[in-house]
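> okay, here's the prediction I keep looking at, along with the sequence it came from:
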Amino acid sequence: MTHTFDQLWAETYRHAARYSPYYRELFHDFENEPRLQTLPTVDKRVLSERNLDFLCVPRARVVEMVTTSGTTGRPLLWMLTDADVQRLAVNEQLSFACAGLTAQDAVLVAVALDRCFIAGLAYWLGLRELGCGIARVGAASPGLVLEMIERVQPTAIVAVPSFLRVIADKARETGFDLPNSSVQKAVCIGEPIRDRAFALNASGRAIEASWGARAYSTYGVTELANSLCECDAGAGGHLHAQQLHVEILDDDGQPVAEGEIGEVVATTFGVEAMPLIRYRTGDCAALYNTPCQCGRTTPRLGPIVGRKNQKLKFKGTSLFPSTLASVLEESPGVESFVILARRESELSDAIEVLVHGRATVAALREAMQARAKIAPQIRHASREEIEALQLPPQARKRRTFVDLR
Ligand SMILES: [Zn+2]
């Protein structure tokens, strides 16, 4: 059954205001919902400090407990009821349907299903809902993925882009003909494969070329128990309006114009255990409301251009490290790089780019000026120096941006 925005909002507000200790304290009127846009936002810091005060149901009704990925601070504990798990399944079903998957498809889920992650569970549930054949190969062994491609003849794979590239490397090493395998679609989670203008970035292009498959971008947030996947038009992830409402806000908390970059702020609909109202995700992207070529009329969320707290200030302009990273990825003769930001003054950061490879500093400076409209400091560095900055001890993930501000 389809509900109107007003119905969905009223239900979310009344439920949260009545049953969540956090929202009960914040909202005193349980019956009459104010306009959504007039309410305060909530960020990850509050979620972390008051984690279980967001829970609206007795613990006995909780059936799934997951944690967030914890890229910023301690991972949050997130809980779902049986109905929330069903909502998650429907969300992923709708998302995969955007990528054109149907019951005819056999799909490899090359994502961890354990370690308290929600993602693998969500994909598995969504594919079940669609009626696909599923092989849970996980994200640990590229060799197993290749073996299962041969034995299962899957039409699609769901994985993190960097793992797709590791699998492609393994295929090259072992003489496995990946471009001509049965895999037609690669659903790419967790890392961007498109730039701001929706063109495939270096990673997206490498995946399409090495897999001989179409890459689809998808964006999900654990706390929202939601993901948005793009369709064949590749023009942003389709929002499922019965489950989520998204606003894009500027630094002052005001809505930006359509197509402008701002922070993704989301309100969940239909969540029982831990509903969220105006949650600041910290991710920055643009929202598009024009109807899509695929015929869907739901809003589309553009590629995530970066984290809000990573935004750089440089001589009067602001930009995301990802803009500089994509210039470097596109430049011939760059083997590896790292971008460093230091605090210079209130108005401007000092940006330094360390590059390894035969690309000249002059050529890179020109490319930066042309495409990112800034001229940061650039210097050559050894592979080892860059590696040490990209992967410091205890790092969980390789990084190309180091924030020293
Ligand atoms: Zn579409």
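Alright, I've got the coordinates.
> so the residue lying closest to T2 once chain neighbours are set aside: helix, strand or coil?
Residue nearest to T2 in three dimensions, not counting chain neighbours: Q242, with 6.6 Å by Cβ to Cβ, 6 or more residues apart in numbering. All C-beta atoms are positioned from the backbone trio N, CA, C, and that covers glycine. Three-state assignment for Q242 (DSSP: H, G, I helix; E, B strand; the rest coil): coil.
> quick check, Q242 in contact with F5.
No - counting by Cβ atoms under 8 Å, Q242 stays clear of F5, with 9.6 Å between them.
> if I look at Y22, what pLDDT would I see?
pLDDT for Y22: 97.
> need the contact list for it.
V46, R50, D53, F54 (Cβ atoms under 8 Å, 6 or more residues apart in numbering).
> take the residues you listed and lay them out in JSON lines including pLDDT, neighbour count and secondary structure.
Putting the contacts of Y22 into JSON lines (pLDDT from 0 to 100; neighbours: other Cβ atoms under 10 Å; DSSP: H, G, I helix; E, B strand; the rest coil) gives the following:
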{"residue": "V46", "pLDDT": "94", "neighbour count": "16", "secondary structure": "helix"}
{"residue": "R50", "pLDDT": "95", "neighbour count": "14", "secondary structure": "coil"}
{"residue": "D53", "pLDDT": "98", "neighbour count": "15", "secondary structure": "helix"}
{"residue": "F54", "pLDDT": "98", "neighbour count": "25", "secondary structure": "helix"}
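> tell me the one of those nearest the ion?
Checking the contacts of Y22 against the ion by Cβ to the ion gives F54 as the nearest, at 32.3 Å.
> leaving out sequence neighbours, find the closest residue to the closest one.
M274 (4.7 Å).
> can you check G333 too?
A359 (3.4 Å).
> pretty sure that neighbour sits in a strand.
No - assessed with three-state DSSP, A359 is coil; it does not lie in a strand.
> look through the stretch 101-250 of the chain and state the residue closest to the ion.
C231 (3.3 Å).
> surely that residue and G100 touch.
Yes - at 7.4 Å, C231 counts as touching G100 under the criterion of Cβ under 8 Å.
> compare those two (neighbour count), which wins?
Under the criterion of other Cβ atoms under 10 Å, the comparison of C231 against G100 puts C231 first, with 20 against 15.
> tell me the contacts of that one?
C98, A99, G100, H238, C292, Q293, C294, R296.
> any quick PyMOL command for the buried ones out of the residues you listed?
Selecting only the buried entries of the contacts of C231 in PyMOL, with 16 or more other Cβ atoms under 10 Å as the criterion:
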select buried, resi 98+99+238+292+296
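> so which of the contacts of C231 comes closest to E223?
Nearest to E223, judged by Cβ to Cβ, of those is H238 at 19.8 Å.
> what's the neighbour count on R165?
Here the number of neighbours of R165 (other Cβ under 10 Å) works out to 17.
> find the nearest non-adjacent residue to it, please.
A206 (6.0 Å).
> so what does the one you found look like in phi/psi?
When read as degrees, to the nearest 10, the backbone of A206 gives phi -60, psi -40.
> so which elements touch the longest helix seen in the chain?
Secondary structure of the chain read by DSSP state H shows that its longest helix is helix 82-98. Helix 82-98 sits against strand 62-67, helix 119-130, strand 226-229, strand 237-238, with contacts defined as 3 or more Cβ pairs under 8 Å, 6 or more residues apart in numbering; DSSP states H and E.
> which residues sit against the longest one?
Among residues not part of helix 119-130, those counted as contacts by Cβ under 8 Å, 6+ apart are 64, 66, 85, 88-93, 95-97, 101-103, 105, 107, 109, 111-114, 134, 136, 138, 158, 189-190, 220, 222, 225, 227.
> now the element after that helix, going C-ward?
Per DSSP states H and E, the first helix or strand lying C-terminal to helix 119-130 is strand 133-135.
> what do you get for the shortest one?
Sequence-wise, the next helix or strand beyond strand 237-238 is strand 244-249, with elements assigned using DSSP H and E.
> same for that following strand, what does it pack against?
Contacts defined by 3+ Cβ pairs under 8 Å, 6+ apart place strand 244-249 against helix 5-19, strand 262-268.
> any buried residues in the last one, and which?
The reference is to strand 262-268. Using 16+ other Cβ under 10 Å as the test for burial, strand 262-268 gives G262, E263, V264, V265, A266, T267, T268.
> I'd like the helices and strands packed on helix 82-98 as TSV, with distance to the ion and mean pLDDT appended.
As requested, the helices and strands packed on helix 82-98 are exported to TSV (distance: least, Cβ to the ion, whole Å; pLDDT from 0 to 100):
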stretch	distance to the ion	mean pLDDT
strand 62-67	29	97
helix 119-130	17	97
strand 226-229	10	96
strand 237-238	6	98
